[in-house]
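[1] My questions are about this predicted structure, shown below with the sequence.
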Amino acid sequence: MPQDGAKEALVRGLNEDLAHEYQAIVSYLLYSRLANGPHRPELAEFFEGEIEDELGHAKLLAHKIVALGGTPTTRPAEVRLSVDNREMLELALEAEKETIGRYTRRLEEAESAGEVGLRVDLENIVAEETKHKEDLERILFRWQEL
């Protein structure tokens, strides 16, 4: 039987995840506008395309936080910007790797709290975030500015 402490820890963790999803939305939106040079059209489209997935994750997290008796955070994690295309991609890649790590920890917390459905939702998010990470790795592979 899950303990209240396990659910409280889970809500805290989900709020941390939500703050990072907000960060991702803002980052990808701004990167899509700050991309420059000959790769600007493709990079802008790529970054903008990521926003919808991150927004979907934020919606799910906010719903689950409320369902568990918590209040969703309203503050994003710190947004790091750059005007250098490669650095934008590297910042996004670093964020995706960190996100996968956070969600992997959250899977364990969901299990401890007896939240089987949430665990499945989190597994799906990990799969999506892994795809984002792989896309960024492929874009950065042999990256060269013209």
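    Yep, it's here. Numbering: from 1, shown residues only.
[2] Identify the residue nearest residue 82 in space, chain neighbours excluded?
    The shortest distance from residue 82 to any non-neighbouring residue, by Cβ to Cβ, 6 or more residues apart in numbering, is to residue 88 (5.1 Å). For the C-beta atoms, the positions are set from N, CA and C on the backbone; glycine is no exception.
[3] likewise residue 54?
    Closest residue in space to residue 54, ignoring its immediate chain neighbours: residue 24 at 4.2 Å, by Cβ to Cβ, 6+ apart.
[4] what about the helix or strand containing residue 44, distance to the chain center?
    Secondary structure assignment for residue 44, by DSSP states H and E: helix 40-67. On the basis of Cα atoms, centre = their mean, to the nearest Å, helix 40-67 sits 8 Å off its chain's mean C-alpha point.
[5] mind listing what's buried in that helix?
    Judged by neighbour count (16 or more other Cβ atoms under 10 Å), helix 40-67 contains these buried residues: 43-44, 46-47, 50-51, 53-54, 57-58, 60-62, 64-65.
[6] quick one: residue 98 from residue 65, how far?
    From residue 98 across to residue 65, the span is 20 Å (Cβ to Cβ, to the nearest Å).
[7] actually residue 119, not the one I typed
    Using Cβ to Cβ, one obtains 15 Å as the distance from residue 119 to residue 65.
[8] Pass me the low-pLDDT residue ranges in this protein, would you?
    Scanning the chain for pLDDT under 70 picks out 1-3, 145-146.
[9] Does residue 32 touch residue 40 like I think?
    No - counting by Cβ atoms under 8 Å, no contact exists between residue 32 and residue 40, whose distance comes to 9.6 Å.
[10] For residue 31, give me its contacts.
    Shown in contact with residue 31 (Cβ atoms under 8 Å, 6 or more residues apart in numbering): 43, 47, 81, 88, 92.
[11] ok, and for the longest helix anywhere in the chain, which residues are buried?
    Longest helix in the chain, counting residues (DSSP state H): helix 4-34. Within helix 4-34, the residues scored as buried using 16+ other Cβ under 10 Å are 6-7, 10-11, 13-29, 31-32, 34.
[12] Many thanks, have a good one.
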